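K.L.:
predicted structure and sequence below. I'll ask about it afterward.
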Amino acid sequence: MSFGNFKIPQPINEPVLNYIEGSSEKQAVKEALKQAKSQEIDVPMYIGSEKIRTGKKVKMSPPHDHQHVLGHFHEGDASHVHDAIEAALAAKESWAKLSWEHRAAIFLKAADLIAGPYRAKINAATMLGQSKNIYQAEIDAACEYIDFLKFNATYMEEIYSQQPKSSAGVWNRMEYRPLEGFVFAVTPFNFTSIAGNLCTAPAMMGNTILWKPAYAQIYSAQVIMEVFQAAGLPDGVINMIYVDGPVAGEVVFNHPEFAGLHFTGSTQVFKNLWKTIGQNIDIYNSYPRIVGETGGKDFIMVHASADVQEVSTAIVRGAFEYQGQKCSAASRVYIPDNLWREVQEHLINTLKGIKMGSPENFMHFINAVIDKKSFEKITQYIDRVKASSDAEIIAGGNYDGAKGYFIEPTVILSKNPHYETMCEEIFGPVVSVYVYPQDEFEATLTLVDQSSAYALTGAIFSKDRYAIERSSDILQYAAGNFYINDKPTGAVVGQQPFGGGRGSGTNDKAGAQMNLLRWVSARTIKETFMGVTDYNYPFLDAE
Ligand code: NAD
């Protein structure tokens, strides 16, 4: 019950800490890393009020040191999926009826806990479990997640305040009801913040959730659950289970109260889930909401007028930060022949100075890729280039999986704009360059638009305003996040709402009001103050 129209405190983006030598934040995260490395944790599933330990333990190791054991999680089976759905449905009524300001307060408190006492812990968990350097962990697990929680609370308030007009004697109202049933959040390995956002965005709007994180992210996901508990999230609102994807899907997608899928991950998995939901449509009580942000083949398009140093820096940061394992990572670059020599020289010189190794050493810009499967997939692409006459490696190309899954930042020069590395998502520290004749700018824009099934992020570098406008026109549907003279990564909540179209997703923009709208089903209420008592209309009185 509310007795006021409350205002969420105005959110501001969480400042990114620098972690310079001697800073208190660096000391705190070093302590947290030491502590985490000195113990093996035992991570249960969280179902309702219970912490479930099945005894089927799966090892968690840092990708950069795969023989080290950080701990184990307890894997579940179909019965745990059923239990988690039951727990979510049991928690639903009380959670949905809790006044919105109390729901908001829990998540705002979670944001403050991450900004303060849990910051070092969640960053350290992300550094070790997902092999991110401190800056990549800070902008993800701390800052972006805090922003998601705070901005979404504001968007919730804005949604609730959107009300229809009323005519005389009538009061029209809109209620933004949570969906009927439960929501399934299926999250990827690469961003702690995305994992945390996919379960909290629908929960904030009054839904209860079954959350299935990627196995490679469970080490930081358990810190998120700890934060939820410390923030006072009631049992059963978010239930976290570790079950093989298809096993979970089999139970969830056959349940009549399945109300929505909040997914981020690869395109093929999302398409398969959508197909299954489509095939099962007669089972459900309502049409499930399907929100999915998926893969990318993100581009940097360079005009003949661009600044060489800016382009080269955008390639290094855009393609190689977090080992290229960002959905937004630049992975294909189109450079005019008048600039290529200079860009190449700058790029190769920069890469010579970049250090690779464990994120526990703060001097390492590049860390390991997530696991053996990824390592093999990426290195196969590299090996095929070595044997190809269409493309050559001009920087990097070496890899070593003995201690950790390390792959050098690799630049491929492709003669063929349709070569596989120019078109397919590799999801590793690999970028492909195609050099085009500078007078074929427009034709190359069409090539950029049409050479990949994805449309997530992309950038144009140019000092020529006509070229910028032309590229913005021709590439209108080639990217959901389009950058002018900036790298195509690093979207900030509240500033660049994130998501793509075509094969890259439903483009419901994470960290934006339009995403939260997918988790409600509006009820329109018309109340008439003076009831009508005569059926007659004046036009009926005479012919
Ligand atoms: P993935 O598709 O392998 O896994 C994503 C999630 O789906 C995991 O939790 C996984 O266990 C689950 N899953 C897999 N098969 C399943 C099935 N049959 N049924 C139910 N669940 C299933 O993706 P990933 O390797 O974790 O993440 C990398 C991918 O995510 C890349 O393609 C990347 O582009 C994409 N991504 C996109 C965005 C975006 O905003 N567009 C953001 C981050 C990552």
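P.N.:
Right, received. Where do you want to start? Numbers count the residues shown, from 1 in each chain.
K.L.:
can stretch 458-472 be said to contact the ligand?
P.N.:
No: Stretch 458-472 does not reach the ligand (CB under 6 Å from any ligand atom); its nearest approach is 13.2 Å. Just so you know, the C-beta spots here come from the backbone N, C-alpha and C atoms, and that holds for glycine as well.
K.L.:
and that stretch, end to end?
P.N.:
End-to-end distance for stretch 458-472: 10 Å, by CA to CA, to the nearest Å.
K.L.:
how about residues contacting it?
P.N.:
298-307, 310-311, 314, 318, 330, 441-442, 445, 448, 475, 478-479, 481-488 (CB atoms under 8 Å, 6 or more residues apart in numbering).
K.L.:
among the residues you listed, which are in strands?
P.N.:
Secondary structure from DSSP state E places 298, 299, 300, 301, 302, 330, 481, 482, 483, 484 of the contacts of stretch 458-472 in strands.
K.L.:
any idea of the pLDDT on residue 70?
P.N.:
In this model, residue 70 is scored at 98, pLDDT.
K.L.:
so what's it up against?
P.N.:
Taking CB under 8 Å, 6+ apart, we find residue 70 in contact with 36, 37, 40, 41, 60, 61, 62, 128, 129, 219.
K.L.:
let's see 7 Å
P.N.:
Taking CB atoms under 7 Å, 6 or more residues apart in numbering as the criterion, residue 70 is in contact with 36, 40, 41, 60, 61, 62, 128, 129, 219.
K.L.:
shouldn't the fifth one be in contact with residue 73?
P.N.:
No: shown here, residue 61 and residue 73 do not form a contact pair, counting by CB atoms under 7 Å, at 11.9 Å.
K.L.:
between these two, which is the more surrounded one?
P.N.:
Taking other CB atoms under 10 Å, residue 61 and residue 73 do not tie; residue 73 has more neighbours (25 against 18).
K.L.:
check for me that the more buried one belongs to a helix.
P.N.:
No: counting by DSSP: H, G, I helix; E, B strand; the rest coil, one finds residue 73 to be strand, located in no helix.
K.L.:
separation between the residue nearest to it when sequence neighbours are not counted and the ligand?
P.N.:
Nearest non-adjacent residue to residue 73, counting by CB to CB, 6 or more residues apart in numbering: residue 43, 4.1 Å away. Distance of residue 43 to the ligand, computed by CB to the nearest ligand atom, to the nearest Å: 15 Å.
K.L.:
how many residues are close by residue 43?
P.N.:
Around residue 43 there are 23 residues (other CB under 10 Å).
K.L.:
ok, it - contacts?
P.N.:
71, 72, 73, 74, 218, 222.
K.L.:
between these, which is nearest the ligand?
P.N.:
Lowest distance from the ligand to the contacts of residue 43 (CB to the nearest ligand atom) belongs to residue 218, with 9.9 Å.
K.L.:
count of residues packed around the closest one?
P.N.:
Based on other CB under 10 Å, the number of other residues close to residue 218 is 25.
K.L.:
host element of it?
P.N.:
Assessed by DSSP states H and E, residue 218 sits inside helix 218-231.
K.L.:
now swap in residue 26 and tell me
P.N.:
helix 24-37.
K.L.:
report the angle between that helix and helix 218-231.
P.N.:
Angle of helix 24-37 versus helix 218-231, following axes from the mean of the first three to the mean of the last three CA atoms, to 10 degrees, is 110 degrees.
K.L.:
what's helix 24-37 packed up against?
P.N.:
With contacts taken as 3 or more CB pairs under 7 Å, 6 or more residues apart in numbering; DSSP states H and E, helix 24-37 sits against helix 119-130.
K.L.:
what about the next helix or strand after the helix it packs on, near the ligand?
P.N.:
The C-terminal neighbour of helix 119-130 among helices and strands, as given by DSSP H and E, is helix 134-137. No: judged by CB under 6 Å from any ligand atom, helix 134-137 makes no contact with the ligand; its nearest approach is 13.4 Å.
K.L.:
tell me the residues of the stretch 251-400 of the chain that contact the ligand?
P.N.:
Within the stretch 251-400 of the chain, the positions near the ligand by CB under 6 Å from any ligand atom are 264, 265, 266, 269, 272, 273, 293, 294, 295, 296, 327.
K.L.:
dump those residues to JSON lines, plus neighbour count, secondary structure and pLDDT.
P.N.:
Formatted as JSON lines, those follow (neighbours: other CB atoms under 10 Å; DSSP: H, G, I helix; E, B strand; the rest coil; pLDDT from 0 to 100):
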{"residue": "264", "neighbour count": "24", "secondary structure": "strand", "pLDDT": "98"}
{"residue": "265", "neighbour count": "22", "secondary structure": "coil", "pLDDT": "97"}
{"residue": "266", "neighbour count": "16", "secondary structure": "coil", "pLDDT": "96"}
{"residue": "269", "neighbour count": "18", "secondary structure": "helix", "pLDDT": "97"}
{"residue": "272", "neighbour count": "14", "secondary structure": "helix", "pLDDT": "98"}
{"residue": "273", "neighbour count": "22", "secondary structure": "helix", "pLDDT": "98"}
{"residue": "293", "neighbour count": "27", "secondary structure": "strand", "pLDDT": "98"}
{"residue": "294", "neighbour count": "25", "secondary structure": "coil", "pLDDT": "98"}
{"residue": "295", "neighbour count": "23", "secondary structure": "coil", "pLDDT": "97"}
{"residue": "296", "neighbour count": "29", "secondary structure": "coil", "pLDDT": "98"}
{"residue": "327", "neighbour count": "27", "secondary structure": "coil", "pLDDT": "97"}
